[in-house]
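Enquirer: Prediction below, plus the sequence it came from.
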Amino acid sequence: MTYVWGLVLLVFVPVMAGLMIAFSWLSHAAVRRMIGRKHQALEEIHLTNRIPASWTEKYDRKLRSLARSGSGSEGAEAAKWSRRKREKIVSELDRLIEYTRRTKLVAEEEVRGALLDDLEMLRSEWRMRGQGG
């Protein structure tokens with residue numbers, strides 16, 4: 001019986017402790033990466049008044065591919081992908097606006113206000129593109 005308990009103490013407990021430490025580290029890294037991406041996007045938008053290219057890479061590739069293909073239905077397909085691109089950008093801007101409003105990582109209200117102004121200006125610009133403007 002003591003052999004089993006010894007085995008538990010020597011194998012099972014250290015393995016479980018190692019797994020707990022590993023999963024804790026992985027979750028911390030994932031959260032840090034997610035928040036880092038949001039802050040990178042905020043910084044890029046604030047400095048350039050443009051959306052991050054990473055948000056539209058997939059759509060831009062597809063639109064270039066459609067333009068090269070020269071198929072007869074390319075106009076309708078391109079319009080569909082352009083609409084999806086615009087919807088993705090507006091969605092990302094909405095998420096970023098909500099994050100900026102509630103995060104405690106933007107310490108000064110003046111900075112938060114400037115970021116929100118930039119985001120809301122871009123969002124209204126992209127919404128207008130969908131209305132033919």
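Expert: That came in fine, so what should we check first? All of these numbers come straight from a predicted model, not from anything done at the bench. Residues are numbered from 1 along each chain as shown.
Enquirer: Going by C-alpha atoms from here, please, whenever you check contacts or count neighbours.
Expert: Noted.
Enquirer: So which residues make contact with the host helix or strand of D60?
Expert: Using DSSP states H and E, D60 sits in helix 57-69. Applying C-alpha atoms under 8 Å, 6 or more residues apart in numbering, the contact partners of helix 57-69 are 74, 77-78, 81-82, 84-85.
Enquirer: Buried residues in it, which are they?
Expert: 59, 62-63, 66 (16 or more other C-alpha atoms under 10 Å).
Enquirer: Can you tell me which of the contacts of helix 57-69 are buried?
Expert: For those, buried by 16+ other C-alpha under 10 Å: 74, 78, 81-82, 85.
Enquirer: Tell me the one of these nearest E125?
Expert: Using C-alpha to C-alpha, K85 is the member of these that lies nearest E125, at 13.6 Å.
Enquirer: quick one: the spatially closest residue to the closest one that is not a sequence neighbour from A78, how far?
Expert: Closest residue in space to K85, ignoring its immediate chain neighbours: Y59 at 5.8 Å, by C-alpha to C-alpha, 6 or more residues apart in numbering. For Y59, the distance to A78 equals 10 Å [C-alpha to C-alpha, to the nearest Å].
Enquirer: next one: K88
Expert: Counting by C-alpha to C-alpha, the gap from K88 to A78 is 15 Å.
Enquirer: what comes up buried for the longest helix along the chain?
Expert: In the chain, with assignment by DSSP state H, the single longest helix is helix 13-48. By 16+ other C-alpha under 10 Å, the buried positions in helix 13-48 come out as 38-39, 41-42, 45-46.
Enquirer: now do stretch 104-119
Expert: Buried residues in stretch 104-119 (16+ other C-alpha under 10 Å): 112, 115-116, 118-119.
Enquirer: So which of these sit within strands?
Expert: Per DSSP state E, strands hold no members of the buried residues of stretch 104-119.
Enquirer: Redo these as TSV? Include distance to V106.
Expert: Formatted as TSV, the buried residues of stretch 104-119 follow (distance: C-alpha to C-alpha, whole Å):
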residue	distance to V106
R112	6
L115	10
L116	11
D118	15
L119	14
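Enquirer: Looking at the residues you listed, which one is closest to V11?
Expert: Using C-alpha to C-alpha, R112 comes nearest to V11 of the buried residues of stretch 104-119, at 50.9 Å.
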